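need a 3D model of the following:
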Amino acid sequence: MPDWKVPLADVRVPEEDIAAVSEAYRSGWLSMGPRTEELEAALCAYTGARHALAVANCTAGLHLMNLAAGLGPGDEVIVPSLTFVATVNAVAYTGATPVFAEIAGLDAPWLSAEAAERAITPRTKAIASMTYAGHPGETEALAALARERGLLLLEDAAHGAGTRIAGKHVGTFGAAGAFSFFSNKNLAVGEGGAVVTDDDELAAAMRLLRSHGMTTLTWDRHRGHASGYDVVALGFNYRIDEPRATLATARLARLDGENARRRVLAERYHERLGGRPGITAVVPPFGSEHAQHLCALVLDEDVDRDAFRAALQEQGVQTSLHYPPVHRFSIYARQDPPELPLTDAYSARAVTIPMFAHMSEEQQELVVDGVEAAVGRVTA
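Okay, the predicted model is just below:
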């Protein structure tokens, strides 16, 4: 493994979190139970949603909300191509057809409401948004479009834990929203996630599907609230466990403070690197309520991206790519691929640089200096 001076992401688990998880193990109840209920109540309070369901991972949450929303064969869902593939897979799992639409710009790499509107057909049933880098993007415009056209808005808020627009949390603008607790996310537990909704019927359907379509859970029967169960739907095992639920609850209490530190770092990146020769754009910060999950640069066309990343690696600075365009993957590629020139350009030129709440000023200076030196070395 390279000896990174500045890793792309860095998770620290303090002793109080370890103690809380240890207590969950000592309790003797490890499957979904009281600590999961505590997490779900905390998520409702944090996001303002009426219902929150903790799940095994964000992909499970995405699948549940697409399925519970009634999507199926013959339906179309407008999706961004610039996203992690799970956004699109969750649509395809239901038998519905993903329809790829363009991003708003090289400095705005999220689904364009204007492009989404152009993609609507008589078969369109939903729009899937994605809070790229934690930025809310055009969520409000997409929600308005969905209302006007009688469509569902389903939010992939995997990057968005802590992002709000005028106090309203992303994930609550549409029918449902899913969050990720993956190990590189702002609210990291390793694997895990949650889905939120204000819709009572949608929440009930997702709860049923989360655990094999069973009418009662082991925890219900343990407490004497039920003595048996029926299976009334073809469900899944998408449950989270108690130790991870405990860790998520502990980390949620610190999330706003850690996100505030991320915003300071993002503002500094934007100030130091925006407008520099060789850099077309830096994905902009968003006010005082931005999760700031990632920081991405868009290189000029004449900058060799592979050489740029290699130069940073020599300096001990880790980088990544977010994301290869989904419409170019073999599973979704067609003979007549959609024309998405902005998505293709962004995907070919963007580089993600390190971002984590406890990054030191010295570490950030290493990144900034490394970026400036690398651009100078590899520009054609």
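
mind listing residues that contact the strand ranked longest in the chain?
Using DSSP state E to define each element, the chain has its longest strand at strand 124-130. Outside strand 124-130, the residues within contact range by Cβ atoms under 8 Å, 6 or more residues apart in numbering are 66, 69-71, 75-80, 82-83, 87-88, 90-91, 96, 98-99, 110-111, 116, 137-139, 142, 145-146, 149, 151-156, 158-159, 174-175. To be clear about C-beta, it is placed using only N, CA and C from the backbone, and glycine gets the same treatment.

confidence score at the closest residue to residue 371 other than its chain neighbours?
Leaving aside its chain neighbours, residue 371 sits nearest to residue 273 (6.1 Å; criterion: Cβ to Cβ, 6 or more residues apart in numbering). At residue 273, the model reports a pLDDT of 96.

count the neighbours of residue 273 for me.
Residues lying near residue 273 (other Cβ atoms under 10 Å) number 20.

wait, isn't it in contact with residue 281?
No. The pair residue 273 / residue 281 is not scored as a contact, 9.7 Å apart, by Cβ atoms under 8 Å.

overlap of the contact sets of the two?
Residues touching both residue 273 and residue 281 (Cβ under 8 Å, 6+ apart): residue 297.

ok, the helix or strand harbouring residue 77: who's next to it in the sheet?
Element membership of residue 77, judged by DSSP states H and E, is strand 76-80. With DSSP bridges as the test, strand 76-80 is paired with strand 97-101 (parallel), strand 124-130 (parallel).

related to what we said a few turns ago, got the CA positions of the longest strand of the chain in CSV?
Provided in CSV are the C-alpha atoms of strand 124-130 (Å, rounded to 0.1, in the frame of the first residue of the first chain):
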residue,chain,number,x,y,z
THR,A,124,-41.9,8.4,-17.2
LYS,A,125,-43.0,7.7,-13.6
ALA,A,126,-40.2,9.1,-11.5
ILE,A,127,-37.1,11.3,-11.4
ALA,A,128,-34.0,10.1,-9.4
SER,A,129,-31.8,12.9,-8.1
MET,A,130,-28.4,12.6,-6.6
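
and it, what's its mean pLDDT?
Throughout strand 124-130, pLDDT has a mean value of 98.

what sits up against the next helix or strand after that strand?
Per DSSP H and E, the first helix or strand lying C-terminal to strand 124-130 is helix 139-149. Here helix 139-149 makes contact (Cβ under 8 Å, 6+ apart) with 111, 113, 116-117, 120, 124, 126-127, 129, 131, 151-153, 155, 165, 170, 173-174.

did I read that right, residue 109 in a strand?
Yes. Residue state for residue 109 (DSSP: H, G, I helix; E, B strand; the rest coil) corresponds to a strand.

what helix or strand is residue 178 on?
Per DSSP H and E, residue 178 falls inside strand 176-180.

may I have the strands that pair with that strand, each with its orientation?
Counting by DSSP bridges, the strands paired with strand 176-180 are strand 152-156 (parallel), strand 193-197 (antiparallel).

run a quick neighbour tally on residue 253.
By other Cβ under 10 Å, neighbour count at residue 253 equals 10.

same question, residue 333
The number of residues packed near residue 333 is 10, by other Cβ under 10 Å.

would you agree it is in contact with residue 327?
Yes. Shown here, residue 333 and residue 327 form a contact pair, counting by Cβ under 8 Å, at 7.1 Å.

now do the helices in the chain.
Secondary structure of the chain (DSSP state H): helices located at 15-26, 34-47, 58-68, 86-93, 113-118, 139-149, 200-210, 218-222, 242-252, 255-273, 305-314, 341-349, 361-378.

output those in TSV; the columns should cover distance to residue 189.
Shown next, in TSV, are those (distance: least, Cβ to Cβ, whole Å):
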stretch	distance to residue 189
helix 15-26	9
helix 34-47	10
helix 58-68	12
helix 86-93	17
helix 113-118	32
helix 139-149	25
helix 200-210	17
helix 218-222	20
helix 242-252	4
helix 255-273	12
helix 305-314	28
helix 341-349	29
helix 361-378	24
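
can you say which of the ones you listed is packed in most?
Mean neighbours per residue, mean count of other Cβ atoms under 10 Å, is largest over the helices of the chain for helix 58-68, with a mean of 27.

helices or strands up against that one?
strand 51-55, helix 86-93, strand 152-156, strand 176-180, strand 193-197, helix 200-210 (3 or more Cβ pairs under 8 Å, 6 or more residues apart in numbering; DSSP states H and E).

just name the shakiest helix or strand of the protein by mean pLDDT.
Scoring the helices and strands of the chain by mean pLDDT, DSSP states H and E places helix 218-222 at the bottom, with a mean of 62.

let's have the strands paired with strand 76-80 in TSV, adding distance to residue 30 and mean neighbour count.
Below are the strands paired with strand 76-80 laid out as TSV (distance: least, Cβ to Cβ, whole Å; neighbours: other Cβ atoms under 10 Å):
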stretch	distance to residue 30	mean neighbour count
strand 97-101	36	22
strand 124-130	33	26
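
from residue 353, how far off is residue 279?
With the distance defined as Cβ to Cβ, to the nearest Å, residue 279 ends up 11 Å from residue 353.

of those two, who's got more company?
Higher neighbour count among residue 279 and residue 353: residue 353, with 24 against 19, using other Cβ under 10 Å.

thought residue 210 was touching residue 55?
Yes. Using Cβ under 8 Å, residue 210 and residue 55 qualify as a contacting pair, with a distance of 6.3 Å.

any common contacting residues for the two?
Taking Cβ under 8 Å, 6+ apart as the contact rule, residue 210 and residue 55 both touch 64, 238-239.

what's the closest of the residues you listed to residue 338?
Relative to residue 338, the closest of these is residue 64; by Cβ to Cβ it sits at 27.2 Å.

what sits against the nearest residue to that closest one once chain neighbours are set aside?
Nearest residue to residue 64, sequence neighbours excluded (Cβ to Cβ, 6+ apart): residue 206, at 4.4 Å. Residues near residue 206 by Cβ under 8 Å, 6+ apart: 53, 64-65, 68, 176, 195, 197.
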